[in-house]
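Engineer: Return atomic coordinates for the entry below.
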Amino acid sequence: MIRRLSILDRSRVREGHPAPQALRDTVELARAAERLGYHRFWVSEHHSVPGVAGSAPAVLAAAVAGATRRIRVGTGGVMLPNHRPLVVAEQFGVLESLFPGRIDMGLGRSVGFTGGIRRALGRDTDDADRFEEQLAELLGWIDGTQQDHPEVHARPAEGLRIPTYVLATGEGAGIAARAGLPLVVGDLRARGRVAAIVERYREEFRPSERCAEPYVVVSGSVAVAATEEEARRILLPEAWSVAYSRTRGSFPPLRRAQEIEALEMSPKERELYEGALGGHVHGTEEQVAAQLAEVSGLTGADELLVTTSTYDRTALLDSFARLARLAGLPGAAGAAVPTGP
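Structural biologist: Numbers count the residues shown, from 1 in each chain. Below is the predicted model of the structure:
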């Protein structure tokens, strides 16, 4: 079993519930994760996506950290091409100052989802190619080593120790290796590709003051329930959202599993839906343990970052409780795990 378990929540909106409720649900999930003994809780950045409420990760991370006491809190991630590195340094300096020793800075290189979003953010697709340069600038602001503006200081970030992680999209693995930073890579449906990315990262890794040895976090959906079928039903709402977005160009709020099962899908929708369902880690505790052992063997991952989203919050919390119990997390023994459907 992978030795550390963490959660990334994207503040998914549920059909019939307002977007602000999704943000409150994220905070409540973080409290539950802390009780169960998860290592860290991360939030994400998305802009103008109808089904996702999490658009300001540094703000949401502050709310999560303020509502918890021990669990590490961070971002998975802040999309650095959307921001000035100085501002990101200042935001995380404030977070680390308020919640010392608990803040992680996870960084990605994706730009806006559509041309309209990119224009609204004042960015374009080429900005992703500057990620390595932006990352070096950001770390320079925190270390106090940036040379371009010697009269400017990123207060209160300068001199603080803020653990930094790189999300592997495109060249992300090579950038993380050259910078000597931990790597976050997904998804678990493409385990062979993930294993190849991890292998390249380890081969190219250069030790740094931030990270002396390679550190790998693999991410993906994991659903655990009393039966394999119940676990699969947890995955249905997200799978339908993916299929819907690829046929209609808009990522919708999550729908109830029973509504999705009753849908009349076109052949194309059915193909996309089944494809989105395939390959996820799911099943009973015994089945999931075997699948995670496979993931661990393929990747040698140090940590698993669970990204599961679903409409039924009770089923989701139950899944996280079962996974915690499976991993022997310190808070799992007292967690109530229903035994029936």
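Engineer: May I have the phi/psi pair for residue 69?
Structural biologist: For residue 69, the backbone dihedrals (degrees, to the nearest 10) come out as phi -120, psi -30.
Engineer: Which pLDDT does the model give the residue nearest to residue 3 when sequence neighbours are not counted?
Structural biologist: Nearest residue to residue 3, sequence neighbours excluded (C-beta to C-beta, 6 or more residues apart in numbering): residue 302, at 6.7 Å. (Glycine included, C-beta is placed from N, CA and C.) Here the pLDDT value assigned to residue 302 is 97.
Engineer: Let me see the residues that make contact with whichever strand or helix holds residue 203.
Structural biologist: Per DSSP states H and E, residue 203 falls inside helix 191-204. Residues from elsewhere that reach helix 191-204, judged by C-beta atoms under 8 Å, 6 or more residues apart in numbering: 168, 173-174, 176-178, 183, 185-188, 214, 216, 218, 279, 294-295, 298-301.
Engineer: Go through those residues and flag which are in strands.
Structural biologist: Judged by DSSP state E, strands contain the following of these: 183, 185, 216, 218.
Engineer: For this structure, which segments count as helices?
Structural biologist: 19-36, 57-67, 85-98, 115-121, 131-143, 172-179, 191-204, 228-248, 257-261, 267-277, 285-299, 313-327 (DSSP state H).
Engineer: least reliable of these going by mean pLDDT?
Structural biologist: helix 115-121 (a mean of 79).
Engineer: burial of residue 145, as a residue count?
Structural biologist: Here the number of neighbours of residue 145 (other C-beta atoms under 10 Å) works out to 10.
Engineer: ok, now residue 323?
Structural biologist: The burial count for residue 323: 26, using other C-beta under 10 Å.
Engineer: Can you name the residues that contact the closest residue to residue 255 other than its chain neighbours?
Structural biologist: Leaving aside its sequence neighbours, residue 255 sits nearest to residue 15 (C-beta to C-beta, 6+ apart; 5.0 Å). Neighbouring residues of residue 15 by C-beta under 8 Å, 6+ apart: 252-256, 311.
Engineer: If we use 7 Å, what do you get?
Structural biologist: 253-255 (C-beta atoms under 7 Å, 6 or more residues apart in numbering).
Engineer: ok, and the most crowded of these?
Structural biologist: Of the contacts of residue 15, with other C-beta under 10 Å as the count, residue 254 tops at 23 neighbours.
Engineer: Looking at the residue of the chain most remote from its centre now. What's its pLDDT?
Structural biologist: Largest separation from the mean C-alpha position in the chain: residue 151, at 35.6 Å (C-alpha atoms, centre = their mean). With respect to pLDDT, residue 151 scores 92.
Engineer: quick one, phi psi at it?
Structural biologist: Dihedral pair for residue 151: phi -80, psi -10, per degrees, to the nearest 10.
Engineer: of the ones in strands among the contacts of helix 191-204, closest to residue 208?
Structural biologist: Nearest to residue 208 among the ones in strands among the contacts of helix 191-204: residue 183, at 12.9 Å, using C-beta to C-beta.
Engineer: show me the residues around that closest one that make contact.
Structural biologist: Applying C-beta under 7 Å, 6+ apart, the residues contacting residue 183 are 166, 168, 173, 176, 201, 216-217.
Engineer: Show me what it bridges to in the sheet.
Structural biologist: residue 166, residue 216 (DSSP bridges).
Engineer: gap between it and residue 292?
Structural biologist: 19 Å (C-beta to C-beta, to the nearest Å).
Engineer: got it, and residue 264?
Structural biologist: Following C-beta to C-beta, the distance that separates residue 264 from residue 292 is 36 Å.
Engineer: quick one: which of these two has more around it?
Structural biologist: residue 292 (22 against 6).
Engineer: circling back to that earlier point, now the helices of the chain as a markdown table including distance to residue 5?
Structural biologist: Shown next, in a markdown table, are those (distance: least, C-beta to C-beta, whole Å):
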| stretch | distance to residue 5 |
| --- | --- |
| helix 19-36 | 9 |
| helix 57-67 | 17 |
| helix 85-98 | 22 |
| helix 115-121 | 32 |
| helix 131-143 | 27 |
| helix 172-179 | 21 |
| helix 191-204 | 17 |
| helix 228-248 | 17 |
| helix 257-261 | 24 |
| helix 267-277 | 23 |
| helix 285-299 | 10 |
| helix 313-327 | 5 |
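Engineer: Ok, which of those helices comes nearest residue 42?
Structural biologist: helix 57-67 (7.9 Å).
Engineer: and the angle from that closest one to helix 85-98?
Structural biologist: 0 degrees (axes from the mean of the first three to the mean of the last three C-alpha atoms, to 10 degrees).
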